[in-house]
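using only what follows, build the 3D model:
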Amino acid sequence: MNMRKALGLWLAACFLFPFCRKPEKPLYTIGYLQLLESQTNIEVRRGFIQALEERGLKDGLNVRLKFGNGMGDISEVQRFAQEFAGENVDLIVAVSTPGLQAALIATQKIPVIFTSVASPYLTRAGISPTEHLANVTGVASTGPIRETLLFIKEIQPLVKRVGTLWTPSERNSEYYLELARSAAAELGLEIVAVPVANSSEVLLTAQVLVNKKIDVIYQISDNTINDSFEAVGKVAEENGIPLFGGFLLSTHAGACAAMGWDFFDMGYKTGEIVMRVKNGESPANIPFQSMTNIKLHLNLKAAERQGLKFSPDIIKRASEIFAAEEK
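The predicted structure is shown next:
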């Protein structure tokens with residue numbers, strides 16, 4: 001058998017029997033971890049995916065995204081985190097404080113990029129933006145609590161008692177409640193807080209809250225209550241109590257006004273960090289980042305139903321005025 005014929009037979013065999021081909025390099029795999037599907041989480045994910053796609057990465061083509069959604073169950077988030085670690089994914093994106101907590105327990109080696117986390121320091125991910133665990137970095141989302149309470153006083157100078165719901169099982173919710181109480185004390189306000197166990201209890205607990213002689217509701221942001229914010233909006237409307245939200249999209253669910261961050265931008269910023277790590281930069285060398293551009297959103301219809309009217313000056317300051325149709 002001559003050399004040319006032997007080569008031809010070998011090539012044919014390689015075509016028929018894939019085991020002799022050079023193995024394909026596996027796709028870079030990102031485990032994406034979240035507690036539940038909420039308005040803010042949807043926006044974070046949209047921004048994150050757009051940041052990847054603008055840099056040429058598309059799921060299933062040249063990167064693999066594996067999504068783990070705990071559906072409100074923290075134990076499920078922990079299970080997904082352990083699953084990602086067991087599969088040795090290349091990187092984990094941890095959305096919210098429960099997601100970051102689960103990822104930190106699951107791995108000390110795989111890069112973890114957090115996003116939409118009230119304070120990464122609560123999870124012992126670091127002690128400062130530059131001093132943190134070597135495999136961890138990301139984007140903090142500490143809400144503008146004091147600025148919102150100042151805004152409420154500007155709108156209603158006679159306000160004294162500010163009501164809110166909170167979720168004891170979420171460390172981030174407890175943290176925001178602490179910040180709200182501290183800021184309120186400085187401003188001569190009192191925070192009236194009622195705990196809620198899960199999203200199915202939000203409607204009933206909001207009804208309990210409005211019976212505590214509060215002047216307004218300022219709903220601090222957490223995963224459980226954000227997921228059922230429309231229930232809070234319904235109670236505020238039925239009782240004619242002004243409702244201020246702790247995240248911008250709450251004006252789409254019944255808040256008359258909200259101050260906060262653009263969660264799409266937050267997700268986009270997270271995607272940029274992920275690309276830096278994918279391209280070889282160590283998370284240890286990337287400082288924790290924060291959102292800085294506070295935006296004001298208004299819902300004039302909700303304000304009217306809750307007994308408020310914003311001045312032209314306030315309306316001019318809004319970056320979005322949600323114009324929902326009457327229900």
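
those helices in the stretch 1-150 of the chain, which residues are they?
With helices called from DSSP state H, counting those that start in this stretch, the stretch 1-150 of the chain shows them at 3-16, 39-54, 74-87, 96-106, 145-155.

just the residues contacting the last one, thanks.
Counting contacts by C-beta atoms under 8 Å, 6 or more residues apart in numbering, the residues outside helix 145-155 that touch it are 159, 162, 176, 179-180, 183-184, 186-187, 189, 216, 218, 220, 242, 244, 246, 257-259, 294, 296, 308, 310, 314. (C-beta placed from N, C-alpha, C; glycine too.)

buried ones in stretch 134-141?
By neighbour count on 16 or more other C-beta atoms under 10 Å, the buried set for stretch 134-141 is 135, 136, 137, 138, 139, 140, 141.

list the contacts of the first one.
Yep, that's residue 135 we're talking about. Residue 135 makes contact with 107, 108, 109, 110, 111, 112, 283, 284, according to C-beta under 8 Å, 6+ apart.

distance of the nearest residue to residue 58 once chain neighbours are set aside from residue 270?
Spatial nearest neighbour of residue 58, chain neighbours left out: residue 52 (7.7 Å); criterion: C-beta to C-beta, 6 or more residues apart in numbering. From residue 52 across to residue 270, the span is 10 Å (C-beta to C-beta, to the nearest Å).

common neighbours of these two, please.
When contacts are counted by C-beta under 8 Å, 6+ apart, residue 52 and residue 270 have no shared neighbour.

between the two, who's got more neighbours?
Counted by other C-beta atoms under 10 Å, residue 52 and residue 270 do not tie: residue 270 has more neighbours, with 27 against 23.

three-state assignment of that one?
Of the three states, residue 270 takes helix according to DSSP: H, G, I helix; E, B strand; the rest coil.

strands along the stretch 101-250 of the chain, start to end?
Remark: strands assigned in the stretch 101-250 of the chain by DSSP state E, counting those that start in this stretch are 112-117, 136-140, 161-166, 190-195, 216-219, 243-245.

quick revisit: determine which of the helices of the stretch 1-150 of the chain approaches residue 201 most closely.
With respect to residue 201, and counting by C-beta to C-beta, the nearest of the helices of the stretch 1-150 of the chain is helix 74-87 at 16.2 Å.

residues in contact with residue 242?
Residues in contact with residue 242 (C-beta under 8 Å, 6+ apart) are 155, 156, 216, 217, 236, 256, 303, 306, 307, 308.

switch to 7 Å and redo it
Residues in contact with residue 242, defined by C-beta atoms under 7 Å, 6 or more residues apart in numbering, are 156, 216, 256, 306, 307, 308.
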